[in-house]
Every structure is written in C-alpha cells, then in structure tokens.
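Okay, here's the prediction I keep looking at, along with the sequence it came from:
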Amino acid sequence: YSFQLSAHVASVNLPPPAPTSPSNIVWESETSVLISGTPTIPEGSCLTIEPGVKVMFAPGTQLRIQGKLSVQGTKDKKVLFVSESPSQRWGGIYINKEAKAHIEHAEISGATFGIFASKSNAEISNTKIQNSLVGIGFYGLSYEPPVVDSCRIENNAWGLVTLAGSKAIIKNSSITGGQKGVLVDASSPEFYGNTISNNTQVGVVIYGMGYPRFGGIAINQPGLNTIQNNGITQILAVKGYAFLGYGSGSYMLGGANIITSTDIYTPFTVALDNSVISAMGTYWGTQQVNGTNFVLAGLSQMIYEPVMDPEEIEQLLMDALQYRASGRYQNSKLQCVNCRIFRRLIKN
C-alpha cells in the first residue's frame, strides 16, 4: 500500500498488500485523509483510525475491509467519513465476509451505504449515520451477530436494512427523519430500547419471511421500543412475522413496546399476504384499540390483546433497572439510560 501526507492531508489509493505480508496501518489523530480510489484492507491487516481524523472520499469510492477496522473516535474527537464533494455520494464502508470492525464515536454522511457488513462481525456504537441511501446494512449470518448500540441513524432513504439471515442486534438507538426506517427481509434481527419515528413513509417493513423480534423470547426481556409518527403506518408486514410480545402479566415474553401515531387516520400496523404480527403487551398510546386500528389482508393475523398500560410498563422498567443494579442481569440488552428516556415517553 502507499499513501502520502502533505499539510495534514493524506491521499490514499491502496492496492491490496500481499496476503503473506500482513500489516498494521494507522491514520493518526486529527489528520485528514483523502480517498481517491477504493482501498482494501486485506485479511491479516488492521486499519486503525485515531480520534479526530477526517476521511474524505472522492465520488463513488469506498473503503473495503477484509481484515480488521478499528475506528477509535471519542465523544469530543469524532472520526468523520464524508464525501469530498457534498453534491455527490461516496460508496461507503464495506465489511466483507469474516472481517471484523469496531466503530465508535464516528459520523458518516453522504454515502450510498454508510456501513454495509456482509457475514462479518461488526460492532457500531455512539455513531451518527445520516443523509445516505442506506444508513446501515447487514447481510447474512456471521459467527457473532453484529451489534448497533447507542447510534443515531437520521435522514436516510432507508435507515437500517437486514437481509438474508442476519441476526443483528440493535439497541438504544434512534432511526428517525428519513423516508423508511427499517427493512427486515428474510432475516431475524432483535431490537431493544430503540426509537423509530418521524420517517415520512413507514417505520418498519417486514418482507420475505422476515422475523424481527422487538424484545426477547424469554421472561424479563421487554422490548422497550418506541415506533411512532411514521408516514402511512408504523409496521408493514408482507409475508413476514413480527414478534413484539406474547403472553401476559409475569409470563410476558418481550412486550412493553409503544406503537402510536398522532394521525388518527394512520393504521398502527398493516399485515398482508399471510403475515402475522404478535403484539401482546404493547401500549398503543391509548387502551381503547380495536380491529379498526389495523389493516389485514390475505389471511394475515394481528394479535394485539392484552394491551399493556403505562403503569405496567413503568413497573417493567423498574424491574429491569433493579436487575442491572444487582448484577443479576449482566447480559441484558437494555441500558439504564434508555429506561429513563422511555419513562419520559410514557409520561408524555
């Protein structure tokens, strides 16, 4: 590989190094990097990007990871990935099969795919992805499921896409202000403590035997997701199955999600072509819900009773906080900060 530093600007065009010669590449803190080709970090190599680096991409170029990527931004010194030309898109960060990526405190904007991980281990946290065609995409099964934690995914055509068997875990994040929030196609991601709101067309689309879970399929794993004020409907299922909750009382699996809209003419959910939406234990912004709040066609099913009330959700929040404080629930996908946010949503 080769790159040049001049006046704190690195011009990078990296052909893959020989697979027998692994190398570690570091883009040092608070420098700027200009990508003019499509560099590939090969298997056995690691690209480390230190705090405060700004990476600028020529239109259509991308960064491909076959080895490891470590983006080490901080709260005060984020790593930026942007297009060199604000009016033209760059390709995105592509994490190939069996590669590994840890991305923390970054901002990604103006891409085709902000991040696309194919059968790879990706951990993305405290990162903002915006103004892209797709914010984050996951494809296929990986040895460890990819994780999105405490991210802001905003103003994208699609916020998050999971495909072809992906079991991504998305938690404590917001997917807002775009056209369509989430697409689940033939995959089974899990969602905990997220907000999917104010997307102009739809909140969540489930297609092609997609099976998302908004909460765990075990006791004491509430979903605590808020899906609200999205375009034509909050959840659209076509040949899919959505799990938001099943059971009641102390035997509730998942549950404790909020689905609502300020537009009284917008259906909460639409299920078509043999779809099933199991949403027991959901709060709908009111407890006076009935079949007119949902659209069904093609032998689809919508299970919405029992309805959970705000006091029950408040108790679940308190139970979850106590579990984490006691150390007995260390593997919980729920974070205390989102409990507080969720509590405020209920009270409003």
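Done, it's in.

okay, CA-based contacts and neighbour counts for the rest of this
Will do.

what is residue 124 paired to in the beta sheet?
Residue 124 has these beta-bridge partners by DSSP bridges: residue 103, residue 148.

these two touch, right, it and residue 107?
No - contact criterion C-alpha atoms under 8 Å: residue 124 and residue 107 do not qualify, at 11.1 Å.

Pull the contacting residues for residue 83.
Residue 83 sits next to 56, 57, 58, 59, 89, 90, 109, 110, 111 when contact means C-alpha atoms under 8 Å, 6 or more residues apart in numbering.

ok, so of those residues, who is nearest residue 150?
Nearest to residue 150 among these, counting by C-alpha to C-alpha, is residue 109 at 17.2 Å.

Can you give me the distance of that closest one to residue 57?
Going from residue 109 to residue 57 by C-alpha to C-alpha, to the nearest Å gives 11 Å.

Between those two, which has more neighbouring residues?
Taking other C-alpha atoms under 10 Å, residue 109 and residue 57 do not tie; residue 57 has more neighbours (29 against 25).

bridging residues for that one?
Here residue 57 sits in beta bridges with residue 35, residue 83, going by DSSP bridges.

which residues does it contact?
34, 35, 36, 81, 82, 83, 84, 90.

can you list the weak-confidence ranges in the stretch 1-150 of the chain?
For the stretch 1-150 of the chain, residues meeting the criterion pLDDT under 70 lie at 1-22.

what's whichever strand or helix holds residue 236 packed up against?
Using DSSP states H and E, the element containing residue 236 is strand 233-238. Judged by 3 or more C-alpha pairs under 8 Å, 6 or more residues apart in numbering; DSSP states H and E, the packing partners of strand 233-238 are strand 202-207, strand 269-272.

quick one: strands adjacent to it?
Those paired with strand 233-238 in the sheet (DSSP bridges) are strand 202-207 (parallel), strand 269-272 (parallel).

For it, report the contacting residues that lie outside it.
With C-alpha under 8 Å, 6+ apart as the criterion, strand 233-238 contacts 201-208, 227-228, 259-261, 266-277.

Could you pull up the mean pLDDT of it?
What strand 233-238 shows for mean pLDDT is 95.

immediately after that strand, which helix or strand?
Following strand 233-238 in sequence order, the next helix or strand is strand 241-246 (DSSP H and E).

Grab the longest strand from the protein for me.
If you go by DSSP state E, the chain has its longest strand at strand 111-118.

still on that earlier bit, let me know the closest of the contacts of residue 57 to residue 151.
For these, the minimum distance to residue 151 (C-alpha to C-alpha) is 15.2 Å, reached by residue 81.

what about the closest one, how many residues close to it?
A total of 23 residues lie near residue 81 under the criterion other C-alpha under 10 Å.

pretty sure it contacts residue 103?
No - between residue 81 and residue 103 there is no contact under C-alpha under 8 Å: 11.6 Å.

ok now do residue 175, which residues does it touch?
Taking C-alpha under 8 Å, 6+ apart, we find residue 175 in contact with 152, 153, 154, 159, 160, 181, 182, 194, 195, 196, 197.

What strand or helix carries the fourth one?
Residue 159 belongs to strand 158-163 when assigned by DSSP H and E.
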